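Undergrad: whatever this is, show me its structure:
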Amino acid sequence: MRHIRQLIRILATGYILVFYSEFVFWARVRPEDSWPAWLATWLVYSVLGFVLLTCISRFRVQSIWALFLCGAVFGWLTEGLVVQTAYEALPLSISFTALAWHALISVWVGWYAVRRALHTSARATLLVACLAGLSYGFWAIAWWVEPDGAIAPPSEFAQFAALTTLLLIPAYWLDDRMSATVFAPNRAAEIVVAVLLALQFVITTVPNAPIAIGILPVLLAVMYGALRRNQQAGSPTSLLQTQHPRAPVLNYLGLLLMPVIATTFYSVAFASGWRWHTNWVVYLITTPMGFIVLAVSLIKVWRTSPGTSPAGEPQR
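TA: Residues are numbered from 1 along each chain as shown. Predicted structure coming up:
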């Protein structure tokens with residue numbers, strides 16, 4: 001039963017990550033999309049979600065700074081291993097999208113801040129959902145001016161945003177319910193996942209982007225060293241043990257405000273004929289922010305003396 005509960009938690013985490021990393025990013029149904037493709041993407045993100053949860057558990061991550069380092073590992077594996085976009089526009093591509101989107105938005109906001117709001121109050125949930133919805137709608141209209149984008153009518157965007165968010169709600173609910181069981185990474189599963197990732201790196205990543213062999217291992221090694229330092233700080237538990245497992249059901253329903261706000265903004269922009277490069281606004285803000293938060297996180301973690309709690313520890 002414990003293994004089943006942990007599998008459910010991994011799959012729920014995978015959907016939370018794929019929602020913010022893929023569905024919010026693309027903000028529409030693309031010509032190449034299909035249910036089998038979405039299912040395969042969810043499973044890939046579930047494997048990466050296992051890596052994220054394992055990092056949080058193994059390195060006893062309690063602070064938001066150490067969590068960002070785990071998010072960096074997740075982001076670089078996504079953009080530097082599964083796909084090779086991390087090497088397309090160096091050095092900026094080190095941040096966007098691995099740090100600027102995956103670590104900041106998918107992990108810090110989607111995995112952590114939204115869940116924290118759910119456990120705080122309905123008001124906090126509605127506030128976070130409103131801000132996320134505005135950001136979602138603001139980003140979505142960027143595809144109207146991109147060569148590989150398209151102008152989807154508001155009805156199509158509304159259906160896409162509503163459906164993916166409706167699936168997000170049970171993902172959060174299941175993740176929280178499964179957190180009553182302590183997440184204990186299985187050594188055999190860790191080895192299998194590590195072998196799969198190594199094979200992906202050798203068979204796909206290096207042939208497509210040879211420069212990866214001198215970048216990705218170094219980035220991951222730096223994260224490992226910092227997270228080992230965090231582990232030695234002496235925290236007996238991780239964020240996986242301190243999350244409250246019983247948020248009120250109504251709080252989860254508050255997340256429905258996200259697609260409502262996003263669709264409202266999208267519809268107003270559509271009716272007004274706006275053609276804004278909102279993606280450049282996001283790039284200019286989040287790309288340097290990714291580098292800055294990474295630097296701050298490394299400093300915070302390395303300055304933590306063994307036996308003390310790192311700064312930025314969430315209080316529950």
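Undergrad: quick one: residues contacting Met223.
TA: Going by Cβ atoms under 8 Å, 6 or more residues apart in numbering, Met223 touches Leu69, Ala72, Val73. For every residue, glycine as well, the C-beta is placed using N, CA and C.
Undergrad: where's it, which helix or strand?
TA: Per DSSP states H and E: Met223 is located in helix 216-232.
Undergrad: tell me how far the next helix or strand after that helix lies from the chain's centre.
TA: Of the helices and strands lying after helix 216-232 in sequence (DSSP H and E), the nearest is helix 239-242. Relative to the centre of its chain, helix 239-242 is centred 17 Å away, using Cα atoms, centre = their mean, to the nearest Å.
Undergrad: for helix 239-242, packing partners?
TA: Judged by 3 or more Cβ pairs under 8 Å, 6 or more residues apart in numbering; DSSP states H and E, helix 239-242 is in contact with helix 35-58.
Undergrad: quick one: buried residues of the helix holding Met223?
TA: For helix 216-232, the neighbour count (16 or more other Cβ atoms under 10 Å) marks Leu216, Leu219, Leu220, Met223, Ala226, Leu227, Arg229, Asn230, Gln231 as buried.
Undergrad: as JSON lines, the residues you listed with pLDDT and distance to Trp65 would be great.
TA: Converted to JSON lines, the buried residues of helix 216-232 look like this (pLDDT from 0 to 100; distance: Cβ to Cβ, whole Å):
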{"residue": "Leu216", "pLDDT": "98", "distance to Trp65": "22"}
{"residue": "Leu219", "pLDDT": "98", "distance to Trp65": "17"}
{"residue": "Leu220", "pLDDT": "98", "distance to Trp65": "18"}
{"residue": "Met223", "pLDDT": "97", "distance to Trp65": "12"}
{"residue": "Ala226", "pLDDT": "96", "distance to Trp65": "9"}
{"residue": "Leu227", "pLDDT": "96", "distance to Trp65": "11"}
{"residue": "Arg229", "pLDDT": "94", "distance to Trp65": "11"}
{"residue": "Asn230", "pLDDT": "93", "distance to Trp65": "8"}
{"residue": "Gln231", "pLDDT": "91", "distance to Trp65": "14"}
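Undergrad: which members of those residues are the farthest-apart pair?
TA: Maximum pairwise distance in these, criterion Cβ to Cβ, is 22.0 Å, between Leu216 and Gln231.
Undergrad: just the buried residues of helix 216-232 now: which is nearest Arg28?
TA: Of all those, Leu216 has the smallest distance to Arg28: 29.9 Å, by Cβ to Cβ.
Undergrad: what's the closest non-adjacent residue to Val73?
TA: Of all residues not flanking Val73 in the chain, Met223 sits nearest, at 5.1 Å (Cβ to Cβ, 6 or more residues apart in numbering).
Undergrad: what's the first helix or strand after the helix or strand of the chain with the lowest mean pLDDT?
TA: The weakest-scoring helix or strand in the chain, judged by mean pLDDT, DSSP states H and E, is helix 239-242 (a mean of 78). The first helix or strand that comes after helix 239-242 along the chain, using DSSP H and E, is helix 249-253.
Undergrad: can I get that next one in CSV? Just the C-alpha atoms.
TA: C-alpha atoms of helix 249-253 as CSV (Å, rounded to 0.1, in the frame of the first residue of the first chain):
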residue,chain,number,x,y,z
VAL,A,249,-12.0,20.9,-0.2
LEU,A,250,-13.4,24.4,-1.0
ASN,A,251,-9.8,25.8,-1.1
TYR,A,252,-9.1,23.5,-4.1
LEU,A,253,-12.1,24.7,-5.9
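Undergrad: mind listing what's buried in it?
TA: Buried residues in helix 249-253 (16+ other Cβ under 10 Å): Asn251, Tyr252.
Undergrad: what's next to the helix or strand following that helix, contact-wise?
TA: Where DSSP H and E defines the elements, the next helix or strand beyond helix 249-253 is helix 257-272. If you take Cβ under 8 Å, 6+ apart as the criterion, helix 257-272 is touched by 126, 129-130, 132-134, 136-138, 140-141, 151, 153-154, 157-158, 161-162, 165, 276.
Undergrad: what's the next secondary structure element after helix 257-272?
TA: helix 278-302.
Undergrad: returning to what we had before: any idea how far the residue nearest to Val73 is from Ala72?
TA: Relative to Ala72, Met223 is positioned 6 Å away (Cβ to Cβ, to the nearest Å).
Undergrad: report the buried members of the contacts of Met223.
TA: The buried subset of those - by 16+ other Cβ under 10 Å - is Leu69, Ala72, Val73.
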